[in-house]
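1. my questions are about this predicted structure, shown below with the sequence.
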Protein chains: 4
Amino acid sequence: MAGSSFGTIFKITTWGESHGDGIGVVVDGCPAGIKFDEELVQAYLNRRKPGQTRYSTPRKENDSVKINSGLFEGRTTGTPISMAVYNETQRSADYSEIAGYYRPGHADFTYDAKYGFRDYRGGGRSSGRETIGRVAAGALACAFLKELGITVTAYTKSIGPIQASPTSRDTLIEKRDASPLFMPGKDASDAAEEYLNNTMKQFDSAGGIIECIVSGMPAGIGDPVFEKLDAALAKAVFSIGAVKGVEIGAGFSCAGATGSENNDAFLDIRDGHAHKATNHAGGILGGISDGSDIVLRAAVKPTPSIFKEQQTVLRDGSPVSVQVKGRHDPVIVPRAVVVVEAMTALVIADALLVNMGARMDRIREFYSFCRR
Amino acid sequence: MAGSSFGTIFKITTWGESHGDGIGVVVDGCPAGIKFDEELVQAYLNRRKPGQTRYSTPRKENDSVKINSGLFEGRTTGTPISMAVYNETQRSADYSEIAGYYRPGHADFTYDAKYGFRDYRGGGRSSGRETIGRVAAGALACAFLKELGITVTAYTKSIGPIQASPTSRDTLIEKRDASPLFMPGKDASDAAEEYLNNTMKQFDSAGGIIECIVSGMPAGIGDPVFEKLDAALAKAVFSIGAVKGVEIGAGFSCAGATGSENNDAFLDIRDGHAHKATNHAGGILGGISDGSDIVLRAAVKPTPSIFKEQQTVLRDGSPVSVQVKGRHDPVIVPRAVVVVEAMTALVIADALLVNMGARMDRIREFYSFCRR
Amino acid sequence: MAGSSFGTIFKITTWGESHGDGIGVVVDGCPAGIKFDEELVQAYLNRRKPGQTRYSTPRKENDSVKINSGLFEGRTTGTPISMAVYNETQRSADYSEIAGYYRPGHADFTYDAKYGFRDYRGGGRSSGRETIGRVAAGALACAFLKELGITVTAYTKSIGPIQASPTSRDTLIEKRDASPLFMPGKDASDAAEEYLNNTMKQFDSAGGIIECIVSGMPAGIGDPVFEKLDAALAKAVFSIGAVKGVEIGAGFSCAGATGSENNDAFLDIRDGHAHKATNHAGGILGGISDGSDIVLRAAVKPTPSIFKEQQTVLRDGSPVSVQVKGRHDPVIVPRAVVVVEAMTALVIADALLVNMGARMDRIREFYSFCRR
Amino acid sequence: MAGSSFGTIFKITTWGESHGDGIGVVVDGCPAGIKFDEELVQAYLNRRKPGQTRYSTPRKENDSVKINSGLFEGRTTGTPISMAVYNETQRSADYSEIAGYYRPGHADFTYDAKYGFRDYRGGGRSSGRETIGRVAAGALACAFLKELGITVTAYTKSIGPIQASPTSRDTLIEKRDASPLFMPGKDASDAAEEYLNNTMKQFDSAGGIIECIVSGMPAGIGDPVFEKLDAALAKAVFSIGAVKGVEIGAGFSCAGATGSENNDAFLDIRDGHAHKATNHAGGILGGISDGSDIVLRAAVKPTPSIFKEQQTVLRDGSPVSVQVKGRHDPVIVPRAVVVVEAMTALVIADALLVNMGARMDRIREFYSFCRR
């Protein structure tokens, strides 16, 4: 299937392989009149750019974005916005070895099974570089959400056994950005660095958890049954390469709770919002936003590319022992933080546009305004 | 949005409220020539039918299904298959009280926020009865999968703190069906019953975890980037009413593992499958099936309707203390087992159909055959 | 594919065969709060009901509609509206003969080619009865449009060589409904009746043209490139069984005109509308409504079922001479008038909902209102 | 809506404005293993390139295509294929005048009505240059169809009152390509040139009709009800800028025929095809291909940009008399021929992929093969 498109009204389509000419995205269905430029996208892309710390691959890539369409006089025109990051250097030589065998934990085998052959240079389409298109589109979705007073903030919740420090919303972004691992709390971040250093010494890699918070949501967004807002978020975040689990609000811990513990008492209804004593529901009830913060978490697996020796097979099935060379991140989590933000923002933006047609009274008012 | 449809080629659309005329589903895009009848659907529906044990609502509902279209001489014709369960009794009286306030943990407030008013009888469209359409369609998806040697099996993995006994694949269904809670292992099931009895005495409810296993999958199914097979499964299962988290394979536990622990070594490639030393990936790599069993788990929240007193608000926002009366399941998990199976089967069936167009060599062979 | 669904936000799914249990439709994504009931649907269905004149099949079918979901206290709730007409009599015997051969002009052969076998009773899913679902859904779309001051009116423009009389908008519906052929102008209608009587005497059938007019459209509705409003209308109307051509505004005649003849001069911009000297464009420029009436026409082929002797083949390919028995309309046009209205209304309703997300300024105003 | 995407499995997304950085397309869902390169695309693009004859705008544009992703070792990999034509020169100055008024027959007013403002340079997204993306994608669809023995051929059927000469299939392409107007038959082409020369002398423009033929179709392709193959083709072709009507087979002329004249007698069933005495149905019955040639025609309006004086309004609604300057084609038809081919090929390619899931017997065989 055409698996590279996402969204119903605010719709994106990504393209590009790690070692091709570049990576890009086309955003279609974006409302007209949003202020937007390359600088804004670049700020998001820089957060996933490699080579910034010793915990990401030392490859130097500028990842400079170019916007090719859909803007006029600094604003979106309602037509498709095409953005691309062109690859500056192509180093297929680095990857010639892996063409012959199936790397454990990677999609090498499954791409061959599906397509009959694959572009084996750097993972091709299954490379982490694929997320550049997501992040560029997410930057635009965030610009849209900002116009409605909605913010999306993700951060590193844990790396291996190390948990981020509890942090208030007010200082979350500041503390996150003070950490090379985007992990709030200096003590926690330092401990995670030490854990990572040890892992690297053993030629191994680490996993972790990313949390994402949407603030300023109107109540009433999301669609019952199959298009529940949490289900849409789950798919969006699960579609990020290394994610193996997603939960909303209390998530898996609610499986062990009782109803009286897990239910959130309603305290008040003001400004169209529900005010609740707790937020175990994570801001979504029956698949529809209740106006509280939406809170989700994603489990990210350890980088599968490790220098430690592993058993695998050649393309003909014969066994071989390998060490995956090349320059790989010892942990995916920090660079994936902005990707989780991007995917979350894309879902919320789309849901807001789709939701405008929910009620006849508001539609009537909307169109009477349009005819004035 | 039209949130009641699901799937790309094998597509379903459900309708109906808990206290309306009935609940139904239309399955479109089902291949022609599959043997199918009402008895087959009924067997699936009976697994979610209430009133079978003391751990489900004592409401007596036969939930008899009627197939209204799409079959001819006992086989599917390729045209839409419309199935419905008509409600035998309508008891709006039971629910008149809840029209006035917002039940904690329910979608009452969010439906009002979205639509401006709601059908307050028994939860309307957000009722658990909505899943009847999913299960009926899932029965058909399972019949399709069976023709390809693929089985989908879910069971109760935990209720509250009680875990199911480890069980081999061979005896899983037998042991599951021996338990009133669909929980393999007599000791585990008995302990869970005791836990539930205590919970009920406190006018409270319990949550749990459901695991689902897909066996016999061909490798190469699923689509890269946004339509990854695990992402599609996550959305499908997350769209079930009370689900708050979904994980694949090692899931959240891989966040604490290292790469060398989490990677699955490849041992052999035979019959188009990868044979691996472990299955932490849960049968999916890069969003594409590798031919191993697909394993996923869903966290199910405790039933929000509890008799225990709770704080909430009336529609005008003024506070009120309530006990939610009516006949409610003390735990959702056992009746949701077949719903998880259904949603999983629907995703797999659709992915198999979509995947047929992945490779030119196979398409060429397919169409040369069609012209003979 | 799942070919029985239509629409993006205002989405319908139809089911049912001519000789099965019934025909139905599920409308999903309809805004909440629209007054709607069975009487309103029935009025539309009665316009396509057979047996009203000697120019339609004498089969007596009441085609009584039942609404099974999605309404509460006389208004739509935003959840799926399921409507069905159950077949009162099943006369498979009438059709047993046609199981053996392929009727010329029918879909018998192509269904066999696609699905491997078919429900041969009365055309199964390719029967004209399939349009019941379209008309029921169209009645709801018209109720939605009426709330916004938009009307959709179709009529018989020609039957065989006989043209309807030119008629002003004011008297169009009145004159249409005075004709048993829904053809405005007594002289024209009488001449068409005479033409049909002659055709019937020769055991033959007639075709014709239906025109449809949308009045009260806001300007700015429709989407550039592939989702142009005229392209969407063309597909919708072309999907009606016997339609073989669709044109907008001047349509095919503009192929022979010059630019200066065909261009519509703009006279004024008022109330968000363009006022033009002519309307060769048919109310749509660049795929977007300009606020003038939308005018389209559909060419409807002659009924393929004729009693006159024809050459065809048996399922094994051997030649045979046949007379198609049974009770068939000598002309499809009059009963298809309301079907064209329905499909047009469905496209317009969906386009209006999708369009609400076109401009940031209006979205901002919309959501600031929602939070009050 | 996201109106710039097209297709279900073989899906394209286009981007770009006439005076932006370039025009491009992303093709997603294309099967892996098709031989494809830039030369192949360029051959299609050259057929719509301006400046080749005096009947197209004298602008010199090389329209050189660049393929940025989705190919490896000369074959498609199954991942998105991104293609772009970068604009070599930007001449916004040419268009500064038209920013102030609404050109008759253009989308200037409707874009303003929809989006609140527009990129007024050369029509922005509503420019004919938008079709570059369609043609590039169509070249790939044609490469796919060629592997299955299917060809798509369009030609100029008429320009103004001049009809192309009747031509056999064998010589159609040769005769078409011998004409600067892509109009088969030297006499016809010469007469059309003379007609155009006269039209140009009067500062006016001409319309015409394009016919397109699909040969080598398997029977059984297309989906009943809303996704009928003819309906999908109608939408695809109607979405091309200047198209105002589409018909299949006998089209509008069947409205005046009788059933006995219009029905195509079946003669034989061989190799999965129906062989018929005539082809008034245009190769499609009940929305499904019958294996005969598919024949469709599109009516193309005269170029709206004419130098002849016209009445229109400024953006504030005040009247003004204008002559549309700039370098415009006096007739759109010849350059649109390849665009009709492209859109037709895209529909057929998608329908073939979608159809693979129609029958259980073939699915079973397909997957048993995949597991070998």
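-> Sure, I can see it.

2. ok, now which ones touch A:Glu147?
-> Contact partners of A:Glu147, counting by Cβ atoms under 8 Å, 6 or more residues apart in numbering or on different chains, are A:Ile34, C:Met360, C:Ile363, C:Arg364. The C-beta positions use only the backbone N, C-alpha and C, and glycine is treated the same way.

3. let me redo that: A:Ile150
-> By Cβ under 8 Å, 6+ apart, the contact list for A:Ile150 reads A:Val214, A:Ser215, A:Gly216, A:Met217, A:Ile348.

4. 6 Å instead, please
-> A:Gly216 (Cβ atoms under 6 Å, 6 or more residues apart in numbering or on different chains).

5. I'd like to know how far it sits from A:Val214.
-> Here the distance between A:Ile150 and A:Val214 works out to 7 Å (Cβ to Cβ, to the nearest Å).

6. which parts of the stretch 51-200 of chain A are helices?
-> Along the stretch 51-200 of chain A, the segments classed as helices by DSSP state H, counting those that start in this stretch run A:108-115, A:131-147, A:169-177, A:186-201.

7. export those helices to CSV and tack on mean pLDDT?
-> Written out in CSV, the entries for the helices of the stretch 51-200 of chain A read as follows (pLDDT from 0 to 100):
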stretch, mean pLDDT
helix A:108-115, 94
helix A:131-147, 98
helix A:169-177, 96
helix A:186-201, 97
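
8. redo the ones you listed as CSV? Include distance to D:Arg48.
-> Shown next, in CSV, are the helices of the stretch 51-200 of chain A (distance: least, Cβ to Cβ, whole Å):
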stretch, distance to D:Arg48
helix A:108-115, 31
helix A:131-147, 28
helix A:169-177, 50
helix A:186-201, 55
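
9. low-confidence ranges in the stretch 1-150 of chain A?
-> Scanning the stretch 1-150 of chain A for pLDDT under 70 picks out the ranges A:1, A:51, A:57-60, A:89-96.

10. what parts of it come near chain B?
-> Residues of the stretch 1-150 of chain A lying near chain B by Cβ under 6 Å from any Cβ of the partner chain: A:1, A:3-4, A:6, A:102, A:104-105, A:107, A:109-110, A:113-114, A:116, A:125-126.

11. just give me the closest of those residues to B:Arg121.
-> A:Phe6 (36.4 Å; Cβ to Cβ).

12. show the contacting residues for that closest one.
-> Applying Cβ under 6 Å, 6+ apart, one finds that A:Phe6 lies in contact with A:Ile12, B:Phe226.

13. now A:Tyr86
-> Applying Cβ under 6 Å, 6+ apart, we find A:Tyr86 in contact with A:Gly22.

14. repeat the analysis, applying 10 Å as the threshold.
-> In this structure, A:Tyr86 makes contact with A:Gly16, A:Gly20, A:Asp21, A:Gly22, A:Ile23, A:Gly24, A:Asn62, A:Asp63, A:Ser64, A:Val65, A:Lys66, D:Asn68, judged by Cβ atoms under 10 Å, 6 or more residues apart in numbering or on different chains.

15. can you put those residues in CSV and add distance to A:Pro334 and neighbour count?
-> Formatted as CSV, the contacts of A:Tyr86 follow (distance: Cβ to Cβ, whole Å; neighbours: other Cβ atoms under 10 Å in any protein chain shown):
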residue, distance to A:Pro334, neighbour count
A:Gly16, 22, 30
A:Gly20, 25, 26
A:Asp21, 27, 17
A:Gly22, 24, 20
A:Ile23, 20, 30
A:Gly24, 24, 29
A:Asn62, 19, 13
A:Asp63, 16, 21
A:Ser64, 21, 15
A:Val65, 20, 24
A:Lys66, 26, 14
D:Asn68, 29, 24
